[in-house]
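1. here are the coordinates; sequence isn't available:
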């Protein structure tokens, strides 16, 4: 696979991990991941932000490679 494929994927996953970490550290409901024997609660807000960060990163990579 080409290297530009891995960069947006890494940015998206990294953004999600950081936001879930912030949510669990500071107990923010919008960024939380709660796991229990009875139920599992996952906020999708970090997932949406991570996907958006990946798409933005891919857009900037394509823009920078096309202008050179």
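-> Right, received. Where do you want to start? Bear in mind the structure is a predicted one, so any value in this text is a computation, not a measurement. Numbers count the residues shown, from 1 in each chain.
2. Give the other helices and strands that the strand or helix carrying residue 22 contacts.
-> Using DSSP states H and E, residue 22 falls within helix 3-26. With contacts defined as 3 or more CB pairs under 8 Å, 6 or more residues apart in numbering; DSSP states H and E, helix 3-26 has these neighbours: strand 33-35, helix 45-67. The way it works is simple: take the backbone N, C-alpha and C, and place the C-beta from them, glycine included.
3. What are the buried residues along the last one?
-> Just to be clear, that refers to helix 45-67. By neighbour count on 16 or more other CB atoms under 10 Å, the buried set for helix 45-67 is 45-46, 49-50, 53-54, 57-58, 61.
4. and which of those residues is nearest to residue 11?
-> Among those, residue 57 lies closest to residue 11 (CB to CB), at 4.5 Å.
5. and the closest one, what does it touch?
-> 7-8, 11-12 (CB atoms under 8 Å, 6 or more residues apart in numbering).
6. and stretch 37-52, average pLDDT?
-> Average pLDDT, stretch 37-52: 90.
7. Measure how far it is from the centre of its chain, please.
-> Remark: stretch 37-52 is offset 10 Å from the chain centroid, using CA atoms, centre = their mean, to the nearest Å.
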